[in-house]
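Colleague: pasting the sequence and the predicted coordinates here, then a few questions.
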Amino acid sequence: MTGPGDATQTVDAETLRYLSRILGRQREVQETSLFPANRQESLVVVLGDEYYPEAVDEARLEVRAYTNGDFHVSSVESYLGERQRCRWDRHDQDHHSREHFHPFPDAGTSDAEDRDFPTDLTAVLERVVVPWVETRLGEIWEE
């Protein structure tokens, strides 16, 4: 499998399978779906709806990993059909450094921020993404 816009980019299926097993064991995770038809290069992690207010239809993470170390991790929240998202990225592009973050609510390119992430994607999830999700969950309940 190749990534968008780069015919030489190969999906790191082994890493995504590993993450699926690890994340699937977490009590906050409702389900994982590896390479679903609508996201064939991704691991989709649906977070348990019991942790979210009724206004949130769904909260999920979408993870893409490539054998060259590139990745995209999106946090997506759906409210009555409206989606909000942010994204952590490691890939070469023209708008920011190789490692960058696209903030909530629309993950827009113009709002992206340069970041430094741990080398290993598992550590990125553990040290960056999961703490962000936990903070965001607290914010949602306060709203």
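Modeller: Looks like it arrived, so ask away.
Colleague: so, low pLDDT: which residues of this protein?
Modeller: 1-8 (pLDDT under 70).
Colleague: now the helices for it?
Modeller: In the chain, the helices defined using DSSP state H lie at 13-24, 121-124, 130-142.
Colleague: which of those sits most buried?
Modeller: Ranked by mean neighbour count, the helices of the chain are led by helix 121-124 with a mean of 18 (mean count of other Cβ atoms under 10 Å). (C-beta placed from N, C-alpha, C; glycine too.)
Colleague: my guess is H100 contacts F117. True?
Modeller: No. The criterion here is Cβ atoms under 8 Å, and H100 misses it with F117 at 9.2 Å.
Colleague: list residues touching both of the two?
Modeller: Here H100 and F117 share the contacting residues W88, scored by Cβ atoms under 8 Å, 6 or more residues apart in numbering.
Colleague: list the contacts of T122.
Modeller: By Cβ under 8 Å, 6+ apart, the contact list for T122 reads T15, Y18, L19, I22.
Colleague: would you mind giving the helices of the chain as JSON lines with distance to E77 added?
Modeller: Output for those, formatted as JSON lines (distance: least, Cβ to Cβ, whole Å):
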{"stretch": "helix 13-24", "distance to E77": "17"}
{"stretch": "helix 121-124", "distance to E77": "20"}
{"stretch": "helix 130-142", "distance to E77": "8"}
